[in-house]
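A.B. asks: Got a sequence here, can you build the structure:
(2 chains)
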Amino acid sequence: MLPALPLDEAGKYVAAAYLVFLALVLIYVAIMAAKLGRIERELTELTELAERRDADGTGAHGHEREAVGSSRE
Amino acid sequence: MTYGKGLRPLAALTALTLTAAFALVFFFAPLDADQGFVQKIFYVHVPIGIVALVGFMAGGVFAIQHLRTRDPRHDLRSYVAIHIAIVLALGTLVTGSIWAKASWGSWWVWQEPMLVSFLIVFLLYACYTPLRFSIEDRERQARYASVFAIVAGAFVPLNFAAVRMAEAYIHPRTFATTGGGLPGDMLLTFLVALAGIALLFVTLWKYEMASKNATFKLRALRRALAGDELTPARRSAAPTL
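C.D. replies: Next comes the predicted model:
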C-alpha cells in the first residue's frame, strides 16, 4: 500500500467516488421518471378512448330511446 | 397487489438515513491512521458491494419461490432485485477502482482475489438480461431465468467464502474474525451507511415494482378497451404478469 495521500489530492478521489454513487442513483431515478411519463401518456390516451366510447355509447342509446319513443307514439 | 403503498415514508426514511450516514462519514468518523482521508471511500464502496451481493441472493430466493409456485409475480420480484443489484455492483466496481487508484496507485489489481471475484459475479449477472431477452416464450423465459438466478445466487456466498478463505494479497479485511476490525466510531458510521444503502435498495425495488405493476394494469386496461390487435406483444427481457 502507498503512503496516505495528502488531503488536497485524496479529496478528488473521495469526491469522485461519492459522485459516482450519486450519479448512478440519479440516472436510475431519471429512467424511472421517463417510464412514469410514458405511463401517464398511455393513461391519457386510454382515458380519451374511454370518453370517446362513452360518448358514442350515449349517442347510440339516445337514438334507441328516440326510436322506442316514436314507435309508442 | 399494490407496491406503491408505504413508498413515501420509506423514501423519506432512506433520505434521512443516507444524509445521516454521509454526515457521520465526513464529520464524525475519524481519519484512518494508514490511508487518511481516502479511506472515506470505504463507507460508500463496501455498503453498496454488500447490498448488491445480498440483492443477487434475494433474486435467487424469489426465483426459488417462482419455481415452487409458478407465480409470475415472484419472477418479476427476482428480475427487479437482480436489476437493481447490477446497478449497485457497477457502482461497487467503479468506486473500488477509484479507491484502488488512490491507495495502490493502480486502477485495477488482477492479483487481488476480492476484486476479480466481484468482477466475475458482475459479469455473470450481466448475462442475466441478455439471457431473458434471447427467449421469446414468456413461460420458458421465466423458468430459465429463475434457474439462472438460483445457481448464480448460490455462487455469490460460495465465491465470497472462497475469497475469505484464500490468503489476502493486499485487500483490507474489514471484519476480521480474530483481532483488528473497525474501531467503534468507524463501525457505527459504517453500519448507518449500510442501513442507508439497504433502505435505498428496498425503496428502489418497491418503486420499480410499483412502476411495472402500473404498466401491466395499464396494458390490461388497453386490451379491454382497445382490443388485442392494437397492443401487439413486444419482445422484452422484463417479465409480464
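
A.B. asks: Look up how far residue B:91 lies from the closest residue to chain A within chain B.
C.D. replies: Residue of chain B nearest chain A, by Cβ to the nearest Cβ: residue B:36 (3.4 Å). For the C-beta atoms, the positions are set from N, CA and C on the backbone; glycine is no exception. Going from residue B:36 to residue B:91 by Cβ to Cβ, to the nearest Å gives 23 Å.

A.B. asks: Hmm, residue A:10 and the residue of chain B closest to chain A touching each other?
C.D. replies: Yes - between residue B:36 and residue A:10 there is a contact under Cβ atoms under 8 Å: 6.0 Å.

A.B. asks: More neighbours: which of these two?
C.D. replies: The neighbour count for residue B:36 versus residue A:10, taken as other Cβ atoms under 10 Å in any protein chain shown, is higher for residue A:10 (21 against 18).

A.B. asks: which residues sit in contact with that one?
C.D. replies: Neighbour list for residue A:10: A:4, B:36, B:37, B:38, B:102 [criterion: Cβ atoms under 8 Å, 6 or more residues apart in numbering or on different chains].

A.B. asks: if you set the cut-off to 7 Å instead, what comes out?
C.D. replies: Residues near residue A:10 by Cβ atoms under 7 Å, 6 or more residues apart in numbering or on different chains: B:36, B:37, B:38, B:102.

A.B. asks: OK, contacts around the spatially closest residue to residue B:61 that is not a sequence neighbour?
C.D. replies: Nearest residue to residue B:61 in three dimensions, chain neighbours excluded: residue B:153, at 7.1 Å (Cβ to Cβ, 6 or more residues apart in numbering or on different chains). Counting by Cβ under 7 Å, 6+ apart, residue B:153 touches B:56, B:57, B:59, B:60.

A.B. asks: Closest to the centroid, which residue in chain B?
C.D. replies: Taking Cα atoms, centre = their mean, the centroid of chain B lies closest to residue B:85, which sits 2.0 Å from it.

A.B. asks: pretty sure it contacts residue B:56?
C.D. replies: Yes - contact status for residue B:85 versus residue B:56: in contact at 4.8 Å, counting by Cβ atoms under 7 Å.

A.B. asks: related to what we said a few turns ago, are we agreed that the residue nearest to the centre of chain B is in a strand?
C.D. replies: No - if the criterion is DSSP: H, G, I helix; E, B strand; the rest coil, then residue B:85 is helix and not within a strand.

A.B. asks: any idea of the mean pLDDT in the helix or strand hosting residue A:35?
C.D. replies: Residue A:35 is located in helix A:7-72, with elements delineated by DSSP states H and E. Here helix A:7-72 scores 79 as its mean pLDDT.

A.B. asks: cool, and stretch B:61-78?
C.D. replies: 94.

A.B. asks: quick one on the thing from earlier: flag every buried residue along the one helix or strand the residue nearest to residue B:61 maps to.
C.D. replies: In the assignment (DSSP H and E), residue B:153 maps to helix B:138-165. Buried residues in helix B:138-165, defined by neighbour count with 16 or more other Cβ atoms under 10 Å in any protein chain shown: B:138, B:141-143, B:145-146, B:148-150, B:152-153, B:155-156, B:159-160, B:163.

A.B. asks: would you list the contacts of residue A:10 in JSON lines and tack on pLDDT, distance to residue A:29 and secondary structure?
C.D. replies: What follows is the contacts of residue A:10, written out as JSON lines (pLDDT from 0 to 100; distance: Cβ to Cβ, whole Å; DSSP: H, G, I helix; E, B strand; the rest coil):
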{"residue": "B:36", "pLDDT": "86", "distance to residue A:29": "33", "secondary structure": "strand"}
{"residue": "B:37", "pLDDT": "88", "distance to residue A:29": "29", "secondary structure": "helix"}
{"residue": "B:38", "pLDDT": "90", "distance to residue A:29": "28", "secondary structure": "helix"}
{"residue": "B:102", "pLDDT": "90", "distance to residue A:29": "28", "secondary structure": "helix"}
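
A.B. asks: what's around residue B:72, how many residues?
C.D. replies: Neighbours of residue B:72 (other Cβ under 10 Å): 16.

A.B. asks: Number of residues surrounding the closest residue to it other than its chain neighbours?
C.D. replies: With sequence-adjacent residues excluded and distances taken as Cβ to Cβ, 6+ apart, residue B:72 is closest to residue B:241, at 5.3 Å. Neighbour count for residue B:241, taken as other Cβ under 10 Å: 15.

A.B. asks: Check residue B:2 too.
C.D. replies: By other Cβ under 10 Å, the residues close to residue B:2 number 11.

A.B. asks: Give me every residue in chain A lying close to chain B.
C.D. replies: A:1-2, A:4-5, A:7, A:10-11, A:13-14, A:16-18, A:20-21, A:24, A:28, A:32, A:35-36, A:39, A:42-43, A:46, A:49-50 (Cβ under 7 Å from any Cβ of the partner chain).
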